[in-house]
Structure formats: structure tokens, C-alpha cells
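Undergrad: Curious how this folds, go ahead:
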Amino acid sequence: MSSCTPPRTDDDGRTDDDGRAVGALRTSRLAREHSPPPGGRRFRIAGADVSASVSVFLIALPLSLGIALATGAPLQAGLVAAAVGGIVVGRLGGAPLQVSGPAAGLTVVTAELIQRYGWRTTCAITALAGLTQLALSFMRVARSALAVSPAIVHGMLAGIGVTIALAQLHIVLGGTPQSSAVDNVLGLPGQLVNPHTAALSVSTVTIVVLLVWPRIPGRFGDAARKLPTALAAVAAATILAGTLGLAVPRVDLPSWHSHALPGLPEGPVLGLIAAVLTITLVASVESLLSAVAVDKLVAARKQPSVQIPRARLDRELAGQGVGNVVSGALGGLPITGVAVRSVANVSSGAVSRNSSILHGCWVMLAALLLVPVLDLIPLPALAALVMAVGIQMVNITHVRRITRHREVLVYAATVTGVVLVGVLQGVGIGIVMAIAVALHRLARTRITREERDGVEHVRVRGQLTFLAVPRLSKALHQIPGHARVVVELDGSFMDHAAYETLQDWQMSQLAHGGQVEVTGRSGTRIAEPASGAHTCCRPWTPWRNHHCDEHPAGRRQTTEHQLASGLSSFQRNTAPHVREELSRLAREGQRPSQLFLTCADSRLVTSMITASGPGDLFTVRNVGNLVPPPGEESGDDSVAAAIEYAVDVLRVRSITVCGHSGCGAMQALLSSPFADAPSDSRGPQPPQTPPTPPTPLGRWLRHGVPSLERMRSKEHAWARLSGRLPADAVEQLCLTNVVQQLEHLKAHESVARRLAEGSLELNGMYFHVGEAQAYLLTQKREVDGVFHQVSPLRAEWEGARQEGARQEEEHEARPEEARA
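TA: Presented below is the predicted three-dimensional model:
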């Protein structure tokens with residue numbers, strides 16, 4: 001069924017990354033919502049956006065000040081970046097609910113740049129990084145950034161978090177951080193011996209509130225959690241310091257008149273280029289990953305039920321670039337998408353980008369009007385807040401996931417490199433380690449050989465490349481030529497050299513009378529030898545009962561493992577697709593639309609020739625697709641019971657009797673004693689009862705005698721196959737048998753009653769096995785009597801073709817050629 005889901009658009013009505021056009025209905029609705037009224041332009045803001053913006057603002061205010069403090073930049077720079085991230089990036093970005101601003105991920109990089117080049121040059125570097133992001137967005141490479149290994153990304157963030165935590169720990173203890181993580185670790189023992197009591201007290205209160213506030217039980221806890229944890233912690237520390245009069249350094253926002261703006265970059269060109277690339281890399285990757293995470297949060301959110309456009313990553317990268325250009329030009333910190341604020345925005349029920357824009361406006365107003373209040377905040381409280389954020393960047397869930405995927409070395413190398421030598425160098429080390437691990441996995445192949453119960457088992461673990469060919473060849477040629485061998489390939493890749501080695505050995509082993517089975521990890525057979533003289537049709541082999549006549553051992557192997565292989569293939573390939581439908585049928589019960597009565601011949605696959613699935617057909621199969629007339633003493637009521645159950649209980653709407661070419665039952669009927677009975681071709685004959693056959697098959701074929709008599713009778717015209725007479729007597733009897741069994745069906749009481757009501761129809765069908773062609777039974781009256789013409793099934797879309805109409809007028813139908 002084709003999907004009618006409207007395409008997603010951004011708030012400005014543009015198409016998404018895939019280039020799908022905006023639906024006319026949605027476009028007109030957007031035009032109505034955003035068109036200005038006659039008296040002027042109208043700007044609507046949802047109440048949910050207002051409340052969400054306040055929540056994000058209360059989180060962003062202390063964090064922006066803390067990050068500015070951690071980088072060594074002017075404190076106003078954090079507020080400038082928060083305001084620009086909210087207003088500029090919020091309006092231009094491609095992720096409507098993502099909130100941007102100064103982030104902990106850029107703290108280490110920015111602090112290093114300030115120490116090396118000074119604040120004014122750092123602002124210029126930020127602006128140049130924004131221009132680089134704009135260039136990358138025009139090249140549409142945003143999604144390429146997501147190709148970086150998660151172990152490298154999480155290792156980079158964890159290394160930054162460790163560096164932040166080590167630096168801020170010195171401020172928490174009342175000291176001053178050093179220029180590198182190594183120096184901070186070396187200076188930590190001396191700081192622990194001589195802590196600053198007042199600063200430690202304020203920091204301790206901040207950390208305790210951060211830990212306890214989300215876990216307050218009861219109604220009071222529900223009410224308290226309406227105030228963000230970060231703001232509650234900073235407020236508690238501020239109240240404590242003010243009440244006790246603790247002598248701790250506090251926020252000191254200088255006049256905006258003396259705010260430093262960027263200057264011309266000064267320093268070595270290569271160093272400046274590396275700085276720009278570092279800011280671009282970290283800011284872009286963190287923003288894009290945060291945008292993807294926000295998309296997942298929005299998709300999982302149940303309330304409010306508002307359709308939010310998915311993130312357009314190239315547009316988001318462009319918005320981040322513009323934001324960094326503006327922030328750098330105004331003397332602000334570098335900007336990136338901030339996961340903490342974005343999660344708060346989504347959780348607070350934001351429904352559009354207006355919440356991010358409003359949050360930026362609140363930050364700007366606070367920076368202008370709340371300076372006296374902000375000056376009361378103790379710096380150790382902000383340091384403790386940023387230290388907690390740094391610790392949280394070392395995510396235990398990510399570590400467990402990386403461990404599960406065996407990428408701990410990549411993660412550890414990246415973390416170590418970021419902490420010891422820097423972010424850009426650490427990421428480079430991580431990439432080198434990831435490549436080394438991939439090459440090791442590709443080259444490392446373990447080949448073992450053992451004998452169990454007289455069968456040689458060769459197991460290959462890992463990727464099978466040319467590097468492992470010598471060891472594979474050595475293990476295979478140590479096996480005796482007459483042995484039975486199972487080769488298990490436990491890997492996902494095999495190159496040409498390894499394939500040829502394995503195939504050549506397999507052909508040689510079979511030629512010497514051995515048996516070879518190549519399986520996958522689950523034990524399922526996955527390969528067969530191929531040559532010019534002998535080719536197995538592997539895709540259809542399991543159900544075509546294909547036999548390898550040139551290799552008797554291959555035939556025994558196929559029949560022995562066919563059932564287990566088929567079950568394994570079903571569980572692996574088919575069960576996942578039909579499980580939901582079968583589960584529904586198990587709950588609701590079967591409601592088939594048709595009773596399908598056909599022969600037990602193995603060449604008839606009912607679901608294949610009728611394109612049906614689970615729950616469609618109620619199938620009855622027997623030798624010769626026979627329907628014993630009611631009341632006949634046959635000792636077998638199974639067919640009559642199935643008919644009664646399908647018609648009266650399941651209330652099927654149709655019954656189909658399907659015969660087929662080359663039916664063994666019809667051949668047996670023609671060669672049985674019944675065929676020697678006199679026919680009515682020369683007038684009425686005295687009834688003769690043939691002797692009762694001694695075998696169950698012979699007794700069952702008695703129900704086919706009426707079909708044999710009908711074929712011999714002159715009262716019934718012969719059935720034709722698409723206008724031609726049947727090829728031989730067997731084919732004529734197969735066609736006649738379908739017609740006769742339909743007559744037997746009408747004699748059953750339940751069928752006759754439903755036919756009289758008009759709620760049941762009978763269909764005849766014939767399947768020519770050699771032509772792979774299905775035919776439906778139709779009737780046509782002529783002067784000389786009634787004969788039955790059989791016409792081929794047509795595809796639904798060809799039913800209205802003029803050619804088909806012409807063929808019906810001529811009472812001639814031609815079968816289509818079977819299509820692959």
C-alpha cells in the first residue's frame with residue numbers, strides 16, 4: 001500500500017534534505033498562519049513555548065557564567081554567547097527545538113586559545129570558525145560528520161569532561177587551576193592539604209543540592225522540581241554565602257562600555273588555522289549529534305501532540321556558523337548545540353523555535369537588568385556546577401555500549417589524547433587507533449579443526465581474506481579425501497582469493513568421494529559447488545526438491561538437512577516479517593475467505609500460485625482433489641467435515657477446486673479396473689459394479705469414477721484448454737475431474753443452502769505444472785450442448801484491456817508466458 005504521509009517541512013515552509021516537495025494543503029495552511037493581517041504583521045507565541053523558554057533560561061544563566069569562568073573569558077562573554085545562540089541560531093538553525101549557546105565541550109579548547117592568543121584574537125578565531133561552518137553547510141557535508149566512530153566522539157567529550165573537572169576542582173577547593181590537565185593533577189595534592197574553607201563550603205552545598213534536588217520525594221519534591229536543579233544549587237550557595245558572610249570571590253560583571261570586542265588575529269598562521277579547524281570540528285560535531293538526539297526525544301514525546309519538523313542538518317550547520325560569526329564579532333564565546341538545554345526545552349513542552357528565541361531574549365534582559373543580582377553569585381558555586389557537568393560528560397552508558405562493541409581501545413586512546421595533548425590531537429589519535437583496530441579485525445582470522453562423531457569440523461572465525469588463505473589451505477588439505485566435512489564460516493566477509501581456495505578444495509573433496517557442507521554461524525547451509533556441467537539453482541533448491549544427480553553424496557546431504565535448513569531459514573528470514581500478522585491471527589482467530597480444495601501433489605504450492613498469505617485460505621488436500629458425494633459409504637468423512645466446517649463455521653465466501661496437469665491419481669484411475677467398465681456411449685447399459693479394490697488408494701479412487709464416466713459420456717462436452725482440446729486422455733480427465741467435483745460439492749447440504757442464499761460461489765481451477773500457468777473454469781452454452789472452456793488467470797491491471805475484451809467476444813483466451 002502506498003503511503004500518503006505528507007512531507008515534513010520547516011517552519012518557513014521549505015522542503016527537507018531529501019528534496020521532497022511541500023504538499024499543497026500544508027503549504028496553504030502555513031501561508032495562512034504566517035500571512036500578516038490587514039492591519040499589520042501578527043506574531044503569535046504558544047504558551048508552551050513561553051513556559052519552556054523560562055525553564056531553559058533558568059538553566060542557561062548559571063551555566064553560561066560558569067563556562068565563561070572555566071575558560072578564563074570575561075563573564076559577559078558567556079551571556080553574549082547564550083543570547084546569540086538563542087536568538088540567531090534559534091531563528092536560522094535547522095533543528096527547531098535545539099537550544100544553542102556556550103557549551104562545556106568547547107571549554108578546554110577556548111581556555112587554551114585564550115591563554116595562547118588572548119581574548120580578542122580568540123573572538124576573531126570564533127568568527128572565522130563560523131565562516132568555515134557556513135562553507136561546510138554550502139557543501140552539504142553535515143551528515144558526513146556523523147560518520148565519525150561513536151567511540152571517538154564520546155571519547156572526545158569524556159576527555160573534555162575530565163579536563164574540565166580537574167580544572168574546576170581547584171576553584172572548588174579555593175585555589176587556581178593550572179594551564180594543563182597534567183599540571184592540575186600534579187597540583188591537586190597540595191590543594192587538598194590546604195583547602196579554602198569558605199570556598200569548599202559553598203561548593204559542597206552546590207554539589208549536595210545538585211545531587212539531592214532531583215530526588216526529593218512527595219508533593220514537595222514535585223513542586224520543587226519546577227525550579228531547575230542548576231538554578232536551585234547556585235541560589236542555595238548564594239544564600240549561604242550571603243547569610244554567613246563568607247569571604248569568597250563573586251561574579252563581577254564590568255560595565256558593558258568596557259566589553260572587549262575582537263581584534264585582528266595575531267600569531268603564527270598555522271597555529272591560527274589549527275585553532276579555527278579545532279573550533280569548527282568540535283562545535284559542528286557536538287551540534288549535529290545534539291540535533292539528532294533532539295529528533296529522537298521529540299519522536300518519543302507523547303505530549304504535546306504537535307508535529308515537529310525533523311532536523312535539517314545542513315541548515316543547522318549554517319545556523320551555527322552564523323551564530324559563531326555574530327558571537328565572535330560581539331565578543332562572545334564559541335557557540336554549539338547544548339544537549340542539557342535542548343533536553344530541558346523538549347521536556348518542558350516546547351512546540352516551535354520560539355522557545356529558543358525567547359530564552360535568548362531573557363538572557364539578554366538579565367545581562368542588562370539583573371547585574372546587581374548576578375554579582376551576588378559566588379564563583380566556587382559556578383565552578384562546582386561546571387565540574388558536575390564535566391563529570392557527567394563521562395557517560396557510563398556510553399562506556400558500556402562501547403565495551404559491548406569492543407571499541408574500548410579507541411575510546412581510551414581518544415580520552416587519553418584529549419587530556420594529555422589537546423582536543424584536535426586527541427581526536428587524531430582516536431582515528432588512528434580506530435583504523436588500527438579495523439585492520440586488526442580484518443586481518444585476524446582464527447582457523448580450528450576438530451573431529452566429532454566421524455565428521456571433520458573446520459571453523460573459521462573472523463574475516464576470510466587472502467591473508468588467511470595459507471592457513472586455510474593447510475587446514476583443509478590435512479583432511480582425508482573421503483571424509484565428511486563441515487566448514488563453518490563465522491564472519492561477514494570473504495574475498496575472492498579465499499573464495500576460490502575454498503571452492504577448489506570443495507570440488508576436489510567431492511570428486512574423491514567426500515561430503516562437504518559449508519555453513520554459517522547458525523549452522524545453515526550457505527554454499528554449493530558450481531561448475532559448467534553442474535549448477536544447483538540455490539534460491540529455489542529447498543522447495544523445488546532439486547537433486548544433484550552427478551553427486552549421490554550431495555543428494556543424501558540435501559535430503560538429510562532439508563527440513564532443518566528450511567526451519568532455520570524460516571526463523572531467520574521469514575518469521576520476522578510474518579510474526580506480527582500471525583500474532584494478530586492468534587488473537588482474533590482465523591477468518592479465511594476461501595476453501596481451497598486441491599491435490600496433495602508436491603508440485604502444487606497453493607500460497608505461491610494464489611499469491612495468498614497466512615489466514616487467507618482454508619486448504620484441504622487429498623489424492624486427486626476428490627470430493628466424495630454426501631452419504632457415500634467411504635469410511636472417510638474428513639473432506640465432508642472440512643466442507644461443513646468451512647461453510648457453516650468459518651463462513652467462507654467461495655470454494656475452489658483445483659486440479660493440475662500430470663495428476664498421478666487420474667493416471668491411476670485410467671489404468672484401473674474402473675476404466676474397463678462399459679460407458680454410455682452406445683445407449684443405456686445395465687449397471688455393473690466393479691470389484692472393490694483391496695488397497696486404501698484403490699478404494700479412495702472409487703470417488704473418481706464419476707469423473708471417468710463424465711469424460712466418456714456424450715451428454716457432456718469436452719473441456720477445452722484456452723480454446724484447444726486437451727493433449728491426451730490424462731489431461732482431459734484432469735479437467736473433467738474439476739468439473740465433476742464441483743457437481744459433488746453442490747450435493748452437500750451446507751453448500752447447497754449457501755448457494756441458494758447467494759452467499760457462496762464455486763470456482764474451478766486448473767494448474768499446468770509444465771507451463772507454470774493457472775487457468776480458471778468458465779462455462780459457455782452452444783446449440784449442441786454445454787462445454788467448459790478454461791481461460792488463463794490475468795493480472796488485475798490487464799483486465800480492462802481492449803485485447804482482453806476482444807478475446808472474450810471471440811470466446812478465446814491465450815495464456816501469458818510465465819514471467820520470472
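Undergrad: give me the low-pLDDT residue ranges for this structure?
TA: 1-43, 145-146, 255-258, 303-304, 521-562, 632-635, 674-693, 717, 723, 779-820 (pLDDT under 70).
Undergrad: do that again at 50, thanks
TA: Within the chain, the stretches with pLDDT under 50 are 1-41, 527-557, 679-687, 781-820.
Undergrad: Please enumerate the helices of the stretch 651-800 of the chain.
TA: Applying DSSP state H, counting those that start in this stretch to the stretch 651-800 of the chain gives helices spanning 664-670, 696-701, 705-712, 729-746, 749-757.
Undergrad: by contact count, what packs against the longest one?
TA: When you say that, I think you mean helix 729-746. strand 654-660, helix 664-670, helix 705-712, helix 749-757, strand 761-768, strand 773-782, strand 785-792 (3 or more Cβ pairs under 8 Å, 6 or more residues apart in numbering; DSSP states H and E). Quick note: C-beta positions are derived from backbone N, CA and C, even for glycine.
Undergrad: Let me know the angle separating the fourth one from strand 654-660.
TA: Read it as helix 749-757. Counting by axes from the mean of the first three to the mean of the last three Cα atoms, to 10 degrees, helix 749-757 lies at 120 degrees to strand 654-660.
Undergrad: And helix 749-757, how far out from the chain middle?
TA: Distance of helix 749-757 from the chain centroid (Cα atoms, centre = their mean, to the nearest Å) equals 50 Å.
Undergrad: Need the three-state assignment for the closest residue to residue 664 other than its chain neighbours.
TA: With sequence-adjacent residues excluded and distances taken as Cβ to Cβ, 6 or more residues apart in numbering, residue 664 is closest to residue 601, at 7.1 Å. What DSSP: H, G, I helix; E, B strand; the rest coil gives for residue 601 is coil.
Undergrad: how many neighbours does the residue nearest to residue 481 when sequence neighbours are not counted have?
TA: Leaving out its chain neighbours, the residue that sits closest to residue 481 by Cβ to Cβ, 6+ apart is residue 512, at 3.3 Å. Other residues near residue 512 come to 11 when the count uses other Cβ atoms under 10 Å.
Undergrad: didn't residue 457 look like it was pressed against residue 479?
TA: No: at 10.2 Å, residue 457 does not count as touching residue 479 under the criterion of Cβ atoms under 8 Å.
Undergrad: Between the two, which is the more surrounded one?
TA: For residue 457 and residue 479, the more surrounded residue by other Cβ under 10 Å is residue 479, and the numbers stand at 19 against 15.
Undergrad: Could you measure from that one over to residue 501?
TA: Counting by Cβ to Cβ, to the nearest Å, the gap from residue 479 to residue 501 is 14 Å.
Undergrad: just residue 599 next, same as before
TA: 47 Å.
Undergrad: out of the two, which sits in the more crowded spot?
TA: residue 599 (24 against 19).
Undergrad: thought the more buried one was touching residue 661?
TA: No: the pair residue 599 / residue 661 is not scored as a contact, 10.6 Å apart, by Cβ under 8 Å.
Undergrad: between residue 457 and residue 479, what contacts are shared?
TA: 449, 485 (Cβ atoms under 8 Å, 6 or more residues apart in numbering).
Undergrad: For the helix or strand hosting residue 239, which residues meet the burial criterion?
TA: Taking DSSP states H and E as the criterion, the element that holds residue 239 is helix 229-244. Under the neighbour-count criterion of 16 or more other Cβ atoms under 10 Å, helix 229-244 has 229, 230, 231, 232, 233, 234, 235, 236, 237, 238, 240, 241 buried.
Undergrad: Run through who's touching that helix.
TA: Contact with helix 229-244 is made by 58-59, 61-63, 198, 201-203, 205-207, 209-210, 213-214, 224, 246, 248, 250, 376-378, 380-382, 384-385, as judged by Cβ under 8 Å, 6+ apart.
Undergrad: Show me which of those residues are buried.
TA: Counted by 16+ other Cβ under 10 Å, the contacts of helix 229-244 give 58-59, 61-63, 198, 201-203, 205-207, 209-210, 213, 246, 248, 250, 377-378, 380-382, 384-385 as buried.
Undergrad: Helices - which of these land there?
TA: 58-59, 61-63, 198, 201-203, 205-207, 209-210, 380-382, 384-385 (DSSP state H).
Undergrad: can you tell me which residues contact residue 391?
TA: 161, 165.
Undergrad: three-state assignment of it?
TA: helix.
Undergrad: Relative to residue 380, how far out is it?
TA: In terms of Cβ to Cβ, residue 391 sits 16 Å off from residue 380.
Undergrad: And residue 740, by the same measure?
TA: 99 Å.
Undergrad: again with residue 180
TA: 22 Å.
Undergrad: same deal with residue 210?
TA: 13 Å.
Undergrad: looking at it, the residue nearest to residue 481 is touching residue 484, isn't it?
TA: No: using Cβ under 8 Å, residue 512 is not in contact with residue 484; the gap is 12.0 Å.
Undergrad: ok so, going back, what about the residue nearest to residue 664, neighbour count?
TA: Neighbours of residue 601 (other Cβ under 10 Å): 19.
Undergrad: Then residue 317?
TA: Using other Cβ under 10 Å, the number of residues around residue 317 comes to 29.
Undergrad: now do residue 485
TA: 20.
Undergrad: what do you get for residue 49?
TA: 24.
Undergrad: List the contacts of it.
TA: Applying Cβ under 8 Å, 6+ apart, the residues near residue 49 are 350, 351, 352, 354, 355, 358.
Undergrad: do you know how far it is from residue 350?
TA: 6 Å.
Undergrad: returning to that earlier point: how distant is the very next helix or strand once past the helix holding residue 239 from the center of its chain?
TA: Using DSSP H and E, the helix or strand that follows helix 229-244 in sequence is helix 269-300. Chain-centre distance of helix 269-300: 25 Å, with Cα atoms, centre = their mean.
Undergrad: same question, stretch 177-196
TA: 48 Å.
Undergrad: Dump it to PDB, keeping only the CA atoms.
TA: What follows is stretch 177-196, C-alpha atoms only, in PDB (Å, rounded to 0.1, in the frame of the first residue of the first chain):
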ATOM      1  CA  PRO A 177      43.600  26.000  38.000                       C
ATOM      2  CA  GLN A 178      46.800  25.300  36.100                       C
ATOM      3  CA  SER A 179      47.200  25.500  32.300                       C
ATOM      4  CA  SER A 180      47.000  21.800  31.600                       C
ATOM      5  CA  ALA A 181      45.300  18.700  33.000                       C
ATOM      6  CA  VAL A 182      48.700  17.100  33.900                       C
ATOM      7  CA  ASP A 183      49.600  20.200  36.000                       C
ATOM      8  CA  ASN A 184      46.200  20.200  37.600                       C
ATOM      9  CA  VAL A 185      46.700  16.500  38.600                       C
ATOM     10  CA  LEU A 186      50.200  17.300  40.000                       C
ATOM     11  CA  GLY A 187      49.000  20.300  41.900                       C
ATOM     12  CA  LEU A 188      46.000  18.600  43.400                       C
ATOM     13  CA  PRO A 189      47.700  17.000  46.500                       C
ATOM     14  CA  GLY A 190      48.900  20.400  47.700                       C
ATOM     15  CA  GLN A 191      45.500  21.900  47.100                       C
ATOM     16  CA  LEU A 192      43.800  19.100  49.100                       C
ATOM     17  CA  VAL A 193      46.200  19.700  52.000                       C
ATOM     18  CA  ASN A 194      45.400  23.400  52.300                       C
ATOM     19  CA  PRO A 195      41.800  23.900  51.200                       C
ATOM     20  CA  HIS A 196      40.000  27.200  51.400                       C
END
